[in-house]
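Colleague: the following comprises the amino acid sequence and a computationally predicted model.
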Amino acid sequence: MSETRARRPGRAVTTLADVAAAAGVSTATVSRVMNRVPTVNADLALRVEAIARQMGYQFNAAARTLATGRTGAVALIISEADLSQPYSFTSAPLHGVLSAVARHDLQIVMLLSGSAQQESYLLEYLRRTGVDGAMVILEDEISHLPELLRDAGVPVVYLGRPLGDAKAQSYVDVDNVGGARLATEALVEAGRSRIAILAGNDRLTAARDRLDGWRSTMSEHGLEAHRIARGAFSPAGGSETMTRLLAAYPDIDGVFVCSDYMGSGALQVLAAAGRRVPHDISVVSYDDSVLAEVANPPLTSVSQPLERMGEEMVDALAALMASSGTSVVQRVLPSSLTRRDSL
């Protein structure tokens with residue numbers, strides 16, 4: 001007999017009992033699967049869900065809310081300033097988030113942060129409305145949110161490791177120290193010895209980690225690690241820091257730029273100064289975004305799997321919700337280097 005069956009003649013709606021009969025399990029088991037009860041075997045749950053979809057079973061979300069106290073809705077908090085960028089950092093993780101929420105049968109509510117009024121609203125929203133959890137794509141402008149959301153009343157997962165007591169926070173991050181080491185090693189292998197860094201603001205752990213990775217690699221090769229300029233992860237930040245760096249250290253022959261945004265601005269300053277890349281100076285950036293691809297010359301850049309990080313953030317939040325938020329989930333993904341013409 002086939003594992004699934006058609007609806008009974010004359011019956012307009014597929015019932016829980018229909019799904020149970022087709023799957024060869026009890027109606028109670030189907031109910032636990034539909035209500036996302038975590039004790040159900042994962043393989044069995046996937047099989048029952050597939051059969052239910054094939055039979056056209058219409059799940060009653062209101063019933064699940066009454067039965068479990070959960071709505072199946074989660075919040076995604078992003079920086080309003082990031083959305084105004086022509087190449088938003090948020091776009092790649094967002095693709096991963098949207099893919100994963102569908103897999104977990106969750107609905108997503110998007111909240112913007114950036115102003116005091118917005119942050120007051122989002123905190124109240126998390127406390128008083130029916131979302132089961134929240135995710136935050138951390139950016140410089142909202143790096144203070146972990147402190148604000150400490151008592152949000154729902155589990156929270158961050159994309160990017162928060163500052164402060166990171167051991168108590170759930171997050172998905174990339175190995176920023178390792179990525180910076182890859183970038184610096186590539187510059188050393190290219191024969192560069194007077195290597196500078198355009199570092200980001202230290203309000204983000206990513207900026208701190210990339211600086212640490214550069215410093216440790218320079219030290220291992222016996223190279224001086226004092227050519228440092230800090231600025232915002234933006235084209236303007238790259239232009240301003242590259243201008244300061246050239247004025248202070250005109251002899252530099254290599255530079256690690258801690259974001260592609262900064263890299264685009266840095267390349268313009270180098271071109272205006274008559275410094276040919278990579279003939280006079282090699283440049284390695286970070287993010288491996290479209291900005292690195294379209295730069296002149298195209299930038300060698302450290303790649304972080306942003307779309308996968310978005311997926312992992314949803315998976316981590318789902319795990320937290322299944323454990324009633326009593327645990328901490330922390331995942332760090334590896335980085336890699338994409339070589340282009342700037343090295």
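Modeller: Yep, it's here.
Colleague: show me where this protein has its helices.
Modeller: When secondary structure is read from DSSP state H, the chain shows helices at 16-23, 27-34, 42-55, 61-68, 80-83, 91-103, 116-128, 145-148, 176-189, 205-220, 235-248, 260-272, 290-294, 306-322.
Colleague: just the angle between the last one and helix 91-103, please?
Modeller: Pointing back at helix 306-322 there. Here the directions of helix 306-322 and helix 91-103 differ by 40 degrees (axes from the mean of the first three to the mean of the last three C-alpha atoms, to 10 degrees).
Colleague: residues touching L320, list them.
Modeller: Taking C-beta atoms under 8 Å, 6 or more residues apart in numbering as the criterion, L320 is in contact with G133, P155, V157, S170, S327, V329. For every residue, glycine as well, the C-beta is placed using N, CA and C.
Colleague: mark which of those residues are buried, thanks.
Modeller: The neighbour-count criterion (16 or more other C-beta atoms under 10 Å) marks G133, P155, V157, S170, V329 among the contacts of L320 as buried.
Colleague: of these, which is the nearest to L111?
Modeller: Lowest distance from L111 to those (C-beta to C-beta) belongs to G133, with 12.6 Å.
Colleague: distance of the closest one relative to I77?
Modeller: Between G133 and I77 the distance is 11 Å, computed by C-beta to C-beta, to the nearest Å.
Colleague: so what's L267 up against?
Modeller: V277, V283, A295, N296, P297, L299, S342.
Colleague: quick check on the first one: phi, psi?
Modeller: Torsion angles at V277 (phi, psi; degrees, to the nearest 10) stand at phi -110, psi 120.
Colleague: quick one: contacts for it?
Modeller: V277 neighbours (C-beta under 8 Å, 6+ apart): L267, L270, A271, V283, P297, S342.
Colleague: pLDDT value on it, please?
Modeller: pLDDT, V277: 98.
Colleague: gap between it and S234?
Modeller: Using C-beta to C-beta, we find V277 at a distance of 20 Å from S234.
Colleague: just the last one next, same as before
Modeller: Using C-beta to C-beta, one obtains 19 Å as the distance from S342 to S234.
Colleague: now the fourth one
Modeller: Computed with C-beta to C-beta, the distance linking N296 and S234 is 18 Å.
Colleague: closest to T243 out of the buried ones among the contacts of L320?
Modeller: Sorting the buried ones among the contacts of L320 by distance to T243 puts V157 at the head of the list, at 38.2 Å, by C-beta to C-beta.
Colleague: this completes my enquiry, with thanks.
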